[in-house]
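1. attaching a predicted model along with its sequence, questions to come.
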Amino acid sequence: MRWVSVLLLLLTLTCAGEPAHWDGLIEHAPSTKEQADGLSARLNQAYAAEVQRLGGPPWWLDSVRSHCQENLKAAGEHSEAPPLSQAGRRFIADYALEQQRLARLQGRYPSEIRWTREETVGWEMPDRSFQLTFDDGPKAGISQAILASLRQYRYPATFFVLGKRLAEAGDKRPDYSGFVVASHSHDHANLVQLSPADLSAEFSHTEKQAQRSGLKLARLFRAPYGSRAQRELTLMKKLGLRSTLWNVDSQDWQADMQTRPGRIASRTLALMLLHRHGIVLMHDVQPQTPAELARLLPVIPRLGFRISP
Ligand SMILES: [Zn+2]
């Protein structure tokens, strides 16, 4: 029953359309802070207009409007910046549809785009600051490659691990020293559908496994699929855990994103330029993710962006 529901949730999210992408952006990324601000301003103008044209739940329209206004203020005028390319306009149109779909799922499935003040999404971070987060690991070969890239560029990151994957890794788990490790549940279940006992077990089993693996977990928690309701938030609070979501979704797990090298890095970069601050979500279980991260990381400093712990 549980798995059927999770499958339905995934089907709802995946069959509703392909994620927005912008092939080639990473190869033709802005080369200065000024160019980045110019493109950021164009993206925010286009996104604000597209979302108001599309329509959707009023809370979503309001939040997009206010974020775009803040971003335009931070980016500056940039009247000299070139207009958005056709690929950029298509990206914005597809991303607005993607987000409208998530906004309309609210009530049935809580997601990253509506949250409570008890949670962290990334909007509260300073302009140009981002956190990098990696979910669902550890996975042999992939987690280690990601950690090596991060160490090469001296970027901090947070790994939201699954208790079951830590158990599978045993003493071959990656060396996370210098990085934040936190819980993403034990089995990656859709928490809102669990019995109270199964829900507590998702937390306690991960804590116990982390101890066995010699890891100290940070007091953060990322709900699988971003799916959590008041019951889950109350439990997190009781356990001293802060619900941590994301606002820059790389969609690196989607088959369509994996068909072309650079597509995941380009989408992530486009969203960093659009949102200007926040939490980037990737997965250290997807075979393409290490190479996509290696494309993205060297571009970050020249845009004037910072990676925060
Ligand atoms: Zn996950």
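-> That came through fine. Residues are numbered from 1 along each chain as shown.
2. contacts only, for Phe134.
-> If a contact means CB atoms under 8 Å, 6 or more residues apart in numbering, then Phe134 has Ser143, Ile146, Ala157, Thr158, Phe159, Phe160, Met282, His283, Asp284, Thr289 as its contacts. All C-beta atoms are positioned from the backbone trio N, CA, C, and that covers glycine.
3. give me phi/psi at the fifth one?
-> The phi/psi pair for Phe159 (degrees, to the nearest 10) reads phi -110, psi 120.
4. and it, how far is that from the ion?
-> For Phe159, the distance to the ion equals 12 Å [CB to the ion, to the nearest Å].
5. for the third one, same thing?
-> Relative to the ion, Ala157 is positioned 15 Å away (criterion: CB to the ion).
6. excluding its backbone neighbours, what's nearest that residue?
-> When the adjacent residues along the chain are set aside, Ala157 lies closest to Leu132, with 4.1 Å between them (CB to CB, 6 or more residues apart in numbering).
7. how about the helix or strand harbouring the one you found against the ion, any contact?
-> Leu132 is part of strand 129-135 when elements are defined by DSSP states H and E. Yes - against the ion, strand 129-135 shows contacts by CB under 5 Å from the ion at Asp135.
8. and the next helix or strand past the helix or strand containing Arg53?
-> Secondary structure here is read from DSSP H and E; on that basis Arg53 sits in helix 33-54. Scanning forward in sequence from helix 33-54 by DSSP H and E, the next helix or strand is helix 58-75.
9. who's in contact with that next one?
-> With CB under 8 Å, 6+ apart, helix 58-75 has contacts from 37-38, 40-41, 44-45, 47-48, 51-52, 55, 99-100, 103, 113-114, 123, 127, 274-276.
10. check which element follows that helix along the chain.
-> Taking DSSP H and E as the definition, the helix or strand that follows helix 58-75 towards the C-terminus is helix 86-105.
11. same question for that following helix, mean pLDDT?
-> Throughout helix 86-105, pLDDT has a mean value of 95.
12. oh, and call the first residue 44 from now on, that's how I've got it
-> New numbering, starting at 44: the last item is helix 129-148.
13. which helices and strands does it pack with?
-> Using 3 or more CB pairs under 8 Å, 6 or more residues apart in numbering; DSSP states H and E as the contact test, the elements touching helix 129-148 are helix 76-97, helix 101-118, helix 306-318.
14. Arg85 and Ile343: what is the separation?
-> 20 Å (CB to CB, to the nearest Å).
15. which of those two has more neighbours?
-> Neighbours were counted for Arg85 and for Ile343 using other CB atoms under 10 Å; Arg85 has more, 22 against 19.
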